[in-house]
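coords please:
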Amino acid sequence: MPPDTSRFIKTLSRKRIIYSPLAAIIKEDDQILNMKLIYLPAIFACIIQNGNTQALKKSEAVILNGHYVYYEIYGKGEPLLLLHGYTLSTKSWEPFVEEYSKNYEVYLVDLQGHGKSGAFKENLSIKSVAKDVDALIKYLNLKNIHAVGYSYGGDVLFQLALMHPGIIKSMISIGACGIWQAKQFPELIEFFSFNNIRNLSWMYDHQPNENQIRLILEQFPNYDIVMSDEEIRSIGTNTLIVLGDKDDSVPLENVLRVKKNIPHSYLWILPNTGHGAHNENKEEFVKKSYAFFQGQWADK
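Residues are numbered from 1 along each chain as shown. Just a heads-up that it's a prediction; the model follows:
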């Protein structure tokens, strides 16, 4: 799925370019070696984000499938996994933690190549990222999880549902349907390149250095994930696809194909909304996501 294209739509050189606040953190080799020392588990720590105090129960970086995977835990209740968009990190979900942690044990994960997890050491593979998340779920001994995935994170959830049937009780995919190929969007490949770094300044808010920004952008053209109809029909998870009606980066025909073939699926299209539908409609999104997790969409 494309990067976060939620804030602005700009025309550059008469080309329609989707502009967004993407963020990624990719650790250099020496940083990875020190990661165990830097990101030791933090039990019952507190952080302050956007004026709210949120109880951080635990944070840790573990080695899974040869990759460092960083995660944080908040709250108490059924497990809720929140996966960020491409070039984002766990930070992107912090505004949602306070509300979700009231009723769920919330897990924020830095996906492969991002945040405090290890840097990309091979070409981007959504399936490989999903394998890391699956390994983390097994490491944490989680069962029957709820999950929300934004863009990149949404595509990862579809792959996770395929490789580990039954592990996800219900999932919400925002701006993603499990099918996306960067090569079909040359204007995005051009825009999300280091040559255009002057227009990607938001990334510095989340990245520790330019090298990590460069690595993320170098991998973007390798973003390629597809599913056959047979694979889609095999997904038994209750699935809600959330899409902004102004999000041209997600082909509607792919969304409708996935919606048609997943037995228990729902589609929510938000008016006057772009790629980051949950960010643009936070209060409504949280309310409806709660209803979905509690099974209130079953008869809709």
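
What ranges does the stretch 201-300 of the chain have for its helices?
Secondary structure of the stretch 201-300 of the chain (DSSP state H, counting those that start in this stretch): helices at 210-219, 229-233, 252-261, 277-280, 282-293.

Could you point out which of the ones you listed sits nearest G118?
In terms of Cβ to Cβ, the element of these nearest to G118 is helix 210-219, at 11.0 Å. The way it works is simple: take the backbone N, C-alpha and C, and place the C-beta from them, glycine included.

Just the mean pLDDT for that closest one, thanks.
Across helix 210-219, pLDDT averages out at 89.

before we move on, the earlier item: tell me the most buried of the helices of the stretch 201-300 of the chain?
The highest average neighbour count among those, using mean count of other Cβ atoms under 10 Å, belongs to helix 277-280 at a mean of 22.

who does that helix touch, helix- and strand-wise?
strand 238-244 (3 or more Cβ pairs under 8 Å, 6 or more residues apart in numbering; DSSP states H and E).

Quickly run through the sheet partners of the strand it packs on, with directions.
In the sheet, strand 238-244 lines up against strand 168-174 (parallel), strand 265-270 (parallel) (DSSP bridges).

taking those strands together, which one is wrapped up most tightly?
Across the strands paired with strand 238-244, averaging neighbours per residue (mean count of other Cβ under 10 Å) puts strand 168-174 on top, at a mean of 25.

For that strand, give me every contacting residue.
Residues outside strand 168-174 that contact it (Cβ atoms under 8 Å, 6 or more residues apart in numbering): 78, 144-151, 154-155, 157-158, 160-161, 237-243, 276-278, 289, 292-293.

Which among those count as buried?
Neighbour-count burial (16 or more other Cβ atoms under 10 Å) applied to the contacts of strand 168-174 gives 145-151, 154-155, 157-158, 160-161, 237-243, 276-278, 289, 292-293.

residue ranges for the strands of this protein, please.
8-12, 15-19, 45-49, 52-64, 67-75, 78-83, 104-110, 145-150, 168-174, 180-181, 224-225, 238-244, 265-270 (DSSP state E).

between those, which one is nearest to F96?
Nearest of those (Cβ to Cβ): strand 78-83, 6.9 Å.

Now that closest one - C-alpha only, CSV.
Only the C-alpha atoms of strand 78-83 are listed here, as CSV (Å, rounded to 0.1, in the frame of the first residue of the first chain):
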residue,chain,number,x,y,z
GLU,A,78,-8.3,-8.2,24.7
PRO,A,79,-5.2,-7.7,22.6
LEU,A,80,-5.4,-4.9,19.9
LEU,A,81,-2.6,-4.6,17.4
LEU,A,82,-2.0,-1.3,15.7
LEU,A,83,0.2,-1.3,12.6
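
Which residues does that strand contact?
With Cβ under 8 Å, 6+ apart as the criterion, strand 78-83 contacts 93, 96, 100, 103-109, 111, 133, 137, 142-150, 152-154, 156-157, 169, 293.

which ones are touching G244?
6, 175, 269-270, 273-277, 280.

And L108, by the same measure?
Here L108 is in contact with 71-74, 82, 84, 90, 93-94, 97 (Cβ under 8 Å, 6+ apart).

Any stretches of the stretch 1-150 of the chain with poor pLDDT?
Within the stretch 1-150 of the chain, the segments meeting pLDDT under 70 span 1-54.

got CSV for the helices of the stretch 201-300 of the chain, with distance to K127 too?
Putting the helices of the stretch 201-300 of the chain into CSV (distance: least, Cβ to Cβ, whole Å) gives the following:
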stretch, distance to K127
helix 210-219, 14
helix 229-233, 12
helix 252-261, 17
helix 277-280, 25
helix 282-293, 26
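
Great, nothing more from me.
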